[in-house]
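Student: Generate a structure from the sequence data that follows.
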Amino acid sequence: MLRPSSLRTARQPLFYHGHLVGWVAADIATHIPQEEDDAALQKGVHIAGQYRLTEIGEILSQKQLFRCFNELFDVFTPGGHVLGQIDRGALPLLGMAARGVHMNGIVMRDNQCFLWVGHRAADKRLDPGKLDHLAAGGVPAGLSPFDTMIKEAAEEAGIPASLSRQAQQVGLLNYVQNRPEGLRRDTLYCYDLLLPEDFTPRPVDGEVTRFELMKLETVLELVRDTDKFKFNVNLVLIDFFIRHGLFTPHEAREIGAVLYQDIRFEPSTA
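Tutor: You can find the predicted model right below:
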C-alpha cells in the first residue's frame, strides 16, 4: 500500500460531483472550470458539475497542457464507481488513478527460467528505447484488465488469445510517482504466462522493435544495477523476483527506494 502524502503536498485535492478523483497542481487548476465558492465544499479544486470529464480533457488539450492519446480511460471514485471518462493523457496531469496490465512471458528450458523482454521503439512517448515486458498497457474504458491483457498480447507480441488466456493473475501493484507527464497513480494487474519453448513473439503494432529471451538472472542484474527497463516495469519484475525467492521483501524495498526515490513501494501478491 502506498502513502504518497509527500508527493501531494504541491497539489490540491481534485473533486468531481463531491468525489475525490485526483491531485492537481495549482497552475493546472487555473485552467479547470470550477464550481463557484461554496462554504459547504471541501477544500480543494471542484470541477464544475455541468461539464463531463471528457469535456474537461478537451479543454485542457486545447490549451496544450497534455498530449492526447485519443483513448478514453475510466475515472473512478475512491470506492471504485465509474464517474466518467477522460483522455488517457490527462490522467497524470490531474493526478487521477489509472489501471494497467503487465505480462511476464516465461520460458522454462533445461530447468532454467527465461523471460521474454521487449525493446521499446525509439519513437515511444514514454521511455523510448527502454526494455519492456512481453506485453503491457493501460486498461481503457469498457474493458476489464484480463480482456486488456488478451488485447495487448495480440497487438504487441502476436500472441493468440488461445495462448494468452492461459495467463494467471499473480498480483496487484500500486505505486505513485512524479513523472514529466504528471503524477502517476497506477494499479498494475500482473500476469504470468508460461510459453512453449518453440513459441517466438513478434512485434505487431510497433510498440517494440524486437523481443529478446533473457535468463532470469540477467534480468535481475539489469533491474538491480541499471535503469534500462521502462520505469514501472522494474516494479513488476521485483515482485516476480520475490515470488521466485530471488529477493526478500526487505531487499525489494531497498532496491525500490534506490530506483524510485520519490515513491514508497511494497509488493503485493494475490
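Student: the domain parsing of this structure - what is it?
Tutor: Following the assignment in automatic domain parsing, the chain carries domains at 5-95, 98-259.
Student: Show me the strands in the stretch 151-270 of the chain, by range?
Tutor: If you assign secondary structure with DSSP state E, counting those that start in this stretch, the strands in the stretch 151-270 of the chain sit at 168-179, 182-194, 208-215.
Student: quick one, which of those strands is packed in tightest?
Tutor: Per-stretch averages of neighbours, counted by mean count of other Cβ atoms under 10 Å, single out strand 182-194 among the strands of the stretch 151-270 of the chain, with a mean of 21. Bear in mind the C-beta positions are built from the backbone N, C-alpha and C, glycine included.
Student: helices or strands up against it?
Tutor: Contact analysis of strand 182-194 by 3 or more Cβ pairs under 8 Å, 6 or more residues apart in numbering; DSSP states H and E lists strand 19-25, helix 90-93, strand 97-109, helix 145-157, strand 168-179, helix 233-243 as its packing neighbours.
Student: Select, out of these, the one closest to residue 198.
Tutor: Closest of the helices and strands packed on strand 182-194 to residue 198 is strand 97-109, at 9.7 Å (criterion: Cβ to Cβ).
Student: Just the buried residues of the next helix or strand along the chain from that closest one, please?
Tutor: Using DSSP states H and E, the next helix or strand after strand 97-109 towards the C-terminus is strand 112-120. Residues 114-120 are the ones in strand 112-120 that count as buried (16 or more other Cβ atoms under 10 Å).
Student: What of stretch 29-49?
Tutor: In terms of neighbour count (16+ other Cβ under 10 Å), stretch 29-49 has its buried residues at 29, 32, 34-35, 44-47.
Student: Determine which two of these are furthest apart.
Tutor: 29 and 35 (12.3 Å).
Student: Can you tell me how far residue 108 is from residue 242?
Tutor: In this structure, residue 108 and residue 242 are 19 Å apart, going by Cβ to Cβ, to the nearest Å.
Student: Please say which of those two ends up with more neighbours.
Tutor: Shown here are residue 108 and residue 242; by other Cβ atoms under 10 Å, residue 242 has more neighbours (17 against 12).
Student: Give me the distance between that one and residue 190.
Tutor: Distance, residue 242 to residue 190, by Cβ to Cβ: 11 Å.
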